[in-house]
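Asker: Sequence and predicted structure are below.
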Amino acid sequence: MKSIFITVTVLSSVVACMPMVYAKTPAQADKVLRVAFEAPDDGFDMVKTFNYYSGNVADVIFERLVQYDYLADPVKLIPGTAQSLPVIEKNGQVYTFKIKSGIYFTDDPAFKGKRRELVAEDYVYSIKRILDPKNHASSFSFIDNKIVGANALIEQAKKTGNFNYDAKIEGIKALDKYTIQFTLTQPDYNFPYILAYSSFGATAREVVEYYKDRLAMHPVGTGPYMLSKYVPRSKIELVANPDYRGFVWNFKSTGTAWDNQLVKEMSGKQMPQIGKVNISIIEEEQSRWLAFQSKQLDFDKVTENAIPKVLDHNNQLKPAMQKQGIRLYANKEAEITYSMFNMRDPLVGGNSLDKVALRRAIALSFNVNEYIRILRKGQAVKAEMLVPAGVSGHNPNYRSSIGYNPVLANKLLDHFGYKKGADGYRNLPNGKPLTLKINTETGSAKVMYSELWKKSLDAIGIRSDFKVSNFADNLKAASQCKYMMWSGAWHADYPEGENFTQLLYGPNVGRGNQSCYQSTAYDNLYKQAMQQPPEKRMPFYEKMSRQIEADNTWILQDTRIRNWLIQPEVQGFKAHPIMNTNWQYLDIASPNQK
């Protein structure tokens, strides 16, 4: 802890002394956006973490070749650092991008006083970092077996212990200074969406080699913002990148009243307008709600406990909130939430019938509808399928075979030898006590969630032991298969079912596959699905969902409806189905502009 504190102090003091000169950017230093994260980040090396909050920050520091249109519905890609969308050849097997010239990384000691332009080789290098086995990149699953020539280099690195970053890969070429070409092992029309994910932002090799194991605390990119202060698990401060080239806010309305208002207040503005973004880590729901009420936050999601105070019975903003000029934006997330078992855990893991029966009984004990009513205050819908609504491959008519049935749960446990002792709680078939150890986090909502799980498990005679930590540490434990049961959520990184089904693909253990689940049946279905174009994958995704129900690897729960409250000064706000960060598209109005 001491070494971390010293490093952060040095970083903060160095950056804080930098003059806030906005040379090219239209951002105004006096426009400060104040936001909150409900859990800590894990640094900003997105090759080595898939922490959601880390990704929010990385999205405005590191630029990708392509990005999402802010308003389009359905979502669509637009050029990022690329001059245009890619030239596609061989039916989606070859993608060629031309990068805009004159894009520069922010000044950093790693560049030894020289101005550093973004070039095609930076993307080649950045993707090689994802391929490097030493990095255990979660996003490796997005390109596993997809890049021509990559596997040979990966296998060599596994044997030697070192990845050869100077070796050429046939499937990732810098054809010239500004041109990069990808050649895939088979056609993949999802590939441009993958390149829009935060892990595929450009990082300079000099920066990686300069900071080494401190890289996560020293993000250096070409995007609209740069890190100025960082206190891990407490506070993050971003300032506008003074050399950022900027862009004009010219997105087209989808025809909704909300979009029409955004276009009216934002069209033609030089962006970004916000000069500083202050991010506070506020894990306790009540504290975040009080911070918003006292105008310490410019927007935030309505906490579940505050919903009755904010929304009427028609889910409209109550008059008291409207009088303050506060606005409501309701957004059904492209996500699923779930509880997951560690399939390598000696108590709950494994494929023997008694272990499957135990997991099935636990799943049957949990009343998702009660969970939505009590904890979500009705602001969610039950998740039925691995692929959620709003993502290609979702079947709206699919219904899970797992429901709420504690009577059947008790019968299953009785049948497979999980007998109750004198205290009313069950033992393992070998007579030893059965205790389910569940990882969780702090905060009133998590306490209520734990209480609901305890009630569910008590009803079937299973002891529960809740291990309270923080999100970042629980995520690390899950990535290392060092837990018994935990709850998670996955928000779409790109709008196709592969992004969700890969979370349970066997080769992704240690990356996205936090259940440490390995099933030949599931893996074969996944491989077959990947051989099909996206529009033909739904039947495979349905079968994969059934396989998960049979093995009871996950307990699907819900898809949340996020109710965003926005302070009257904030202009341009809209929650995007895929993008997690919209700070670069916002403005803060002066009093006479409201």
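Answerer: Received the coordinates, thanks. Residues are numbered from 1 along each chain as shown.
Asker: any chance you could map the strands in the stretch 351-500 of the chain?
Answerer: Using DSSP state E, counting those that start in this stretch, the strands found in the stretch 351-500 of the chain span residues 380-382, 435-441, 463-469, 485-491.
Asker: closest to Ala152 out of those?
Answerer: Evaluated over the strands of the stretch 351-500 of the chain, closeness to Ala152 peaks at strand 485-491, with 31.4 Å, by CB to CB. To be clear about C-beta, it is placed using only N, CA and C from the backbone, and glycine gets the same treatment.
Asker: one step back: want to throw the strands of the stretch 351-500 of the chain into TSV with mean neighbour count and mean pLDDT?
Answerer: Below are these laid out as TSV (neighbours: other CB atoms under 10 Å; pLDDT from 0 to 100):
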stretch	mean neighbour count	mean pLDDT
strand 380-382	18	97
strand 435-441	19	98
strand 463-469	15	97
strand 485-491	19	96
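Asker: Low-confidence ranges, the stretch 1-150 of the chain, go.
Answerer: 1-23 (pLDDT under 70).
Asker: swap in the chain?
Answerer: 1-23, 591-594.
Asker: run the last query once more with 80
Answerer: 1-25, 590-594 (pLDDT under 80).
Asker: okay, now the domains of it?
Answerer: 1-59+223-298+567-594, 62-217, 335-560 (automatic domain parsing).
Asker: Including distance to Gly92, could the strands of the stretch 351-500 of the chain go into a markdown table?
Answerer: Below are those laid out as a markdown table (distance: least, CB to CB, whole Å):
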| stretch | distance to Gly92 |
| --- | --- |
| strand 380-382 | 33 |
| strand 435-441 | 41 |
| strand 463-469 | 43 |
| strand 485-491 | 25 |
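Asker: Who are the contact partners of the residue of the chain lying at maximal distance from its centre?
Answerer: Most distant residue from the mean C-alpha position of the chain: Ala422, 45.2 Å away (CA atoms, centre = their mean). Ala422 makes no contacts at all, as judged by CB atoms under 8 Å, 6 or more residues apart in numbering.
Asker: thinking again about what came up before, looking at the strands of the stretch 351-500 of the chain, which is closest to Trp583?
Answerer: Proximity to Trp583 (CB to CB) singles out strand 485-491 among those, at 17.3 Å.
Asker: Outside of that closest one itself, list whatever touches it.
Answerer: 52, 333-342, 348, 436-440, 449, 474, 477-478, 499-500, 503, 514, 557, 560, 580.
Asker: from these, which ones fall inside helices?
Answerer: Among those, the residues falling in helices (DSSP state H) are Tyr52, Tyr449, Asn474, Ala477, Ala478, Asn499, Phe500.
Asker: how close does the fifth one sit to Phe471?
Answerer: For Ala478, the distance to Phe471 (CB to CB, to the nearest Å) stands at 10 Å.
Asker: Which one's more surrounded, the two?
Answerer: Phe471 (24 against 20; other CB atoms under 10 Å).
Asker: which residue packs closest to the more buried one, ignoring adjacent ones?
Answerer: Ala39 (3.6 Å; CB to CB, 6 or more residues apart in numbering).
Asker: Ok, Leu353 next?
Answerer: Nearest-residue entry for Leu353: Phe416, 6.8 Å, with adjacent residues in sequence omitted and distances by CB to CB, 6+ apart.
Asker: Give me the neighbour count for the one you found.
Answerer: Neighbours around Phe416, by other CB under 10 Å: 18.
Asker: looking at it, it is touching Pro429, isn't it?
Answerer: Yes. Between Phe416 and Pro429 there is a contact at 7.0 Å, judged by CB atoms under 8 Å.
Asker: Between the two, which contacts overlap?
Answerer: With CB under 8 Å, 6+ apart as the test, Phe416 and Pro429 both reach Asp354.
Asker: circling back to that earlier point, out of the domains of the chain, nearest to Arg327?
Answerer: Minimum separation from Arg327 across those (CB to CB) falls at domain 1-59+223-298+567-594, 7.4 Å.
Asker: Can you get me the centre-to-centre distance for the closest one and its chain?
Answerer: On the basis of CA atoms, centre = their mean, to the nearest Å, domain 1-59+223-298+567-594 sits 17 Å off its chain's mean C-alpha point.
Asker: Stretch 50-64 too?
Answerer: With CA atoms, centre = their mean, you get 9 Å for stretch 50-64.
Asker: Show me which residues of that stretch are buried.
Answerer: Of the residues in stretch 50-64, 50-64 count as buried by neighbour count, 16 or more other CB atoms under 10 Å.
Asker: quick one, what contacts Asp551?
Answerer: Counting by CB under 8 Å, 6+ apart, Asp551 has contacts Asn351, Val356, Arg359, Tyr517, Ser519, Tyr522.
Asker: Show me the two of those residues that sit farthest apart.
Answerer: It's Arg359 and Tyr522 that sit farthest apart of the contacts of Asp551, by CB to CB, at 15.0 Å.
Asker: all helices for the stretch 1-150 of the chain, in order.
Answerer: 2-16, 52-58, 120-131, 140-143, 150-160 (DSSP state H, counting those that start in this stretch).
Asker: re earlier: okay, the residue farthest from the centre of the chain and Pro272: tell me how far apart.
Answerer: Counting by CB to CB, the gap from Ala422 to Pro272 is 66 Å.
Asker: swap in Gln480?
Answerer: In terms of CB to CB, Gln480 sits 38 Å off from Pro272.
Asker: out of the contacts of Asp551, which are inside helices?
Answerer: Val356, Arg359, Tyr522.
Asker: Excluding chain neighbours, what is closest to the last one?
Answerer: Nearest residue to Tyr522 in three dimensions, chain neighbours excluded: Gln547, at 4.8 Å (CB to CB, 6+ apart).
Asker: Kindly report the same for the first one.
Answerer: With sequence-adjacent residues excluded and distances taken as CB to CB, 6+ apart, Val356 is closest to Asn552, at 6.2 Å.
Asker: wait, is Gln322 part of a helix?
Answerer: Yes. The assignment for Gln322 is a helix, going by DSSP: H, G, I helix; E, B strand; the rest coil.
Asker: and the gap between it and Leu565?
Answerer: Gln322 is 11 Å from Leu565, by CB to CB.
Asker: Give the burial count for the residue nearest to Tyr522, as a bare number.
Answerer: Around Gln547 there are 20 residues (other CB under 10 Å).
Asker: Tell me how far it lies from Gln28.
Answerer: Counting by CB to CB - Gln547 and Gln28 are separated by 54 Å.
Asker: who's in contact with the closest residue to Asn135 other than its chain neighbours?
Answerer: Distances taken as CB to CB, 6+ apart place Val47 nearest to Asn135, at 5.2 Å, with adjacent residues excluded. Shown here is Val47, whose contacts under the criterion CB under 8 Å, 6+ apart are Ser126, Arg129, Ile130, Asn135, Ala137, Ser139, Ser199, Thr203.
Asker: Kindly recompute the last result at 7 Å.
Answerer: Applying CB atoms under 7 Å, 6 or more residues apart in numbering, one finds that Val47 lies in contact with Arg129, Ile130, Asn135, Ala137, Ser199.
Asker: Looking at those, which two lie furthest apart in space?
Answerer: The widest separation within those (CB to CB) is 10.3 Å, between Asn135 and Ser199.
Asker: For Tyr517, give me its contacts.
Answerer: Met343, Leu504, Thr553.
Asker: count of neighbours near the first one?
Answerer: It stands for Met343. For Met343, the count of nearby residues is 23 (other CB under 10 Å).
Asker: mind checking how far it is from Trp554?
Answerer: 10 Å.
Asker: Give the residues shared as contacts by these two.
Answerer: Ser515.
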